[in-house]
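J.: Give me a model of this one.
(2 chains)
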Amino acid sequence: MAQTTLTRGTTVVRPAAANKRIKFAIGGVVVLVAVVYLIVNALGTTGQFFLTVSEVQAKGTSIYGRPLRVSGDIVPDSIDWNAPTLMLKFSITDGSHTMPVSFHGPKPDNMNREGSQAIVEGKLNADGVFQANTLLLKCPSRYEEMEITEVKAVQ
Amino acid sequence: MARRSGRWLMALDVVAGLAILGAVYMALVYAPDAANLTSENEIKAQHIFYFHMGCNVASAIGLFTSFVASILFLVTRRRIWDSIAVSGVEMGLAFGIGVLASGSVWARPTWNTWWTWDPRLTSAAVTVLVYVAYLMLRGAVEDPGRRARFAGVYGVFAFVSVPITFLSIRLWRTIHPVVFGAANPDSQGSFGMGPNIRLVLMYSMFAFTILAITLLIHRVRLELRREEVEHLKEQLAA
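T.: Predicted structure coming up:
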């Protein structure tokens, strides 16, 4: 209630307060634009964060050269790493279809883990090889403990 | 009366401090390394998990408190609820930034990237931005009564981002694991962990809950003091 008497008493428009309000309004608009951009960007062209190998295969030739994100299990024996040239080749599979991937860059240390899954970003070339410019790995679906593994080994 | 509540709060401070020290010990010393990880960095980074989940709980407590307090303010128009709402947002935001930062550091050796715009990371980042905007809104409105009303309405709607973030990994394909409950089957199966790892996780979330409640009480008290000072200044000016 003291507030109302105060605002009525001082009718002088304070430029500092108006300035502050404009600053906050601009900041608010920037945040709003950022939020909308992030949501639209995340929905992407496919509306999914990634496609499976089978979904990519089903799209046929129309998808060649377009930016894609594909996820699949890394085929363990397929990893071919050439350290001097930084050329990493491997295949990913979803069980029914397999896709060869080529990636130029350092090989992640945790790639050889059993049951490793990758998400690759890049484009599918006409020769059927996926040219990845980003290689992501998923974390395992379980954090095992040493004791349990040892017990299993004895049995 | 004031002295008595001060003593209770001091006891709570000690409990929260010890609980968090315990969580640090549990996470870094007691918790076993995950045996099925292969890279040294990933094994070390896995221990971040306990702090990431702890921050997440603390953030959720803060933001949920602000949601409830915003509704109660709009219903009762009592200023105390507005004070609790802003306190909840500030604490939720601080721990929310902790969630993003700890997750990012964990992700570098685990996912081979600091950040990716997957549904969970995007929705979490949007939540943080939505609540940054809450504080900006409060900063932009001078009159305390109007500020409290605007913030109350905004605080109710802003909370929508929290359940969306919670559900994002359960509804959509994502790189992010789902620690509790079933995941989206096309994305990644449900998550499991060994008994000691689970114990440390549970303890850490409990410790962060105590810390969150303690900090929230302090922040509300601080807000009440701040309002008292504001009020006294107005009286002096008038």
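
J.: Ignoring the adjacent residues along the chain, who's closest to B:Ala151?
T.: B:Arg138 (5.3 Å; Cβ to Cβ, 6 or more residues apart in numbering or on different chains). Just so you know, the C-beta spots here come from the backbone N, C-alpha and C atoms, and that holds for glycine as well.

J.: what about stretch B:106-126 and chain A, any contact?
T.: Yes. Using Cβ under 8 Å from any Cβ of the partner chain, stretch B:106-126 reaches chain A at B:Pro109, B:Thr110, B:Trp111, B:Asn112, B:Thr113, B:Thr116, B:Trp117, B:Asp118, B:Pro119, B:Thr122, B:Ala125, B:Val126.

J.: Report the separation between B:Met53 and B:Thr127.
T.: Computed as Cβ to Cβ, to the nearest Å, the B:Met53 to B:Thr127 distance reads 16 Å.

J.: and the two? which has more neighbours close in?
T.: Per other Cβ atoms under 10 Å in any protein chain shown, whichever of B:Met53 and B:Thr127 has more neighbours is B:Thr127, with 26 against 20.

J.: need the contact list for the residue nearest the centre of chain B.
T.: Nearest to the mean C-alpha position of chain B, counting by Cα atoms, centre = their mean, stands B:Ser59 at 0.8 Å. The neighbourhood of B:Ser59, defined by Cβ atoms under 8 Å, 6 or more residues apart in numbering or on different chains, consists of B:Met91, B:Gly92, B:Leu93, B:Ala94, B:Phe95, B:Gly96, B:Gly98, B:Val99.

J.: Surely it is within a helix?
T.: Yes. For B:Ser59, which was evaluated using DSSP: H, G, I helix; E, B strand; the rest coil, the result is membership in a helix.

J.: ok, it to B:Glu223 distance?
T.: Separation of B:Ser59 from B:Glu223 (Cβ to Cβ) stands at 19 Å.

J.: same thing with A:Ala126?
T.: Taken as Cβ to Cβ, the span from A:Ala126 to B:Glu223 is 63 Å.

J.: Before we move on, what's the pLDDT of A:Leu38?
T.: A:Leu38 carries a pLDDT value of 84.

J.: ok, it - contacts?
T.: Neighbouring residues of A:Leu38 by Cβ under 8 Å, 6+ apart: B:Trp117, B:Thr122, B:Ala125, B:Val126, B:Leu129.

J.: Only the buried subset of those, as a ChimeraX command please.
T.: The ChimeraX selection below is limited to those of the contacts of A:Leu38 classed as buried (16 or more other Cβ atoms under 10 Å in any protein chain shown):
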select /B:122,125,126,129
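
J.: Tell me the one among the contacts of A:Leu38 nearest to chain A.
T.: B:Thr122 (4.2 Å; Cβ to the nearest Cβ).

J.: The closest residue to the closest one other than its chain neighbours in helix, strand or coil?
T.: The shortest distance from B:Thr122 to any non-neighbouring residue, by Cβ to Cβ, 6+ apart, is to A:Ala42 (4.2 Å). Look at A:Ala42: counting by three-state DSSP, its state is helix.

J.: so who does A:Ala42 touch?
T.: Per Cβ under 8 Å, 6+ apart, neighbours of A:Ala42: A:Phe49, B:Trp117, B:Asp118, B:Pro119, B:Thr122.

J.: So what's the predicted local confidence for it?
T.: 73.

J.: how close does it get to B:Val179?
T.: 21 Å.

J.: just the helices in chain A please.
T.: Under the criterion DSSP state H, chain A contains helices at A:2-9, A:15-43, A:53-58, A:146-154.

J.: Give me the mean pLDDT for the last one.
T.: Right, helix A:146-154. According to the model, helix A:146-154 has a mean pLDDT of 52.

J.: And the third one, by the same measure?
T.: For helix A:53-58, the per-residue pLDDT values average out at 92.

J.: Kindly report the same for the first one.
T.: The predicted model gives helix A:2-9 an average pLDDT of 43.

J.: Check stretch A:78-89 too.
T.: Stretch A:78-89 comes out at a mean pLDDT of 94.

J.: close to chain B, is it?
T.: No. Applying Cβ under 8 Å from any Cβ, one finds stretch A:78-89 separated from chain B by no less than 11.4 Å.

J.: tell me how far the ends of that stretch are from each other?
T.: 7 Å (Cα to Cα, to the nearest Å).

J.: same check, this time on stretch A:49-60
T.: Using Cα to Cα, the end-to-end distance of stretch A:49-60 comes out at 20 Å.

J.: neighbouring contacts of that stretch?
T.: So stretch A:49-60 is in contact with A:42, A:63, A:68-72, A:92-94, A:96-99, A:119, A:124, B:118-119, B:172-175, B:186, going by Cβ under 8 Å, 6+ apart.

J.: One more: stretch B:161-172?
T.: A:48-49, B:60, B:63-64, B:67, B:119-120, B:122-124, B:126-127, B:130, B:174, B:176-178, B:181-184, B:187.

J.: Where does the prediction get shaky in chain B?
T.: Scanning chain B for pLDDT under 70 picks out the ranges B:1-3, B:182-190.

J.: longest helix anywhere in it?
T.: Criterion DSSP H: the longest helix present in chain B is helix B:195-237.
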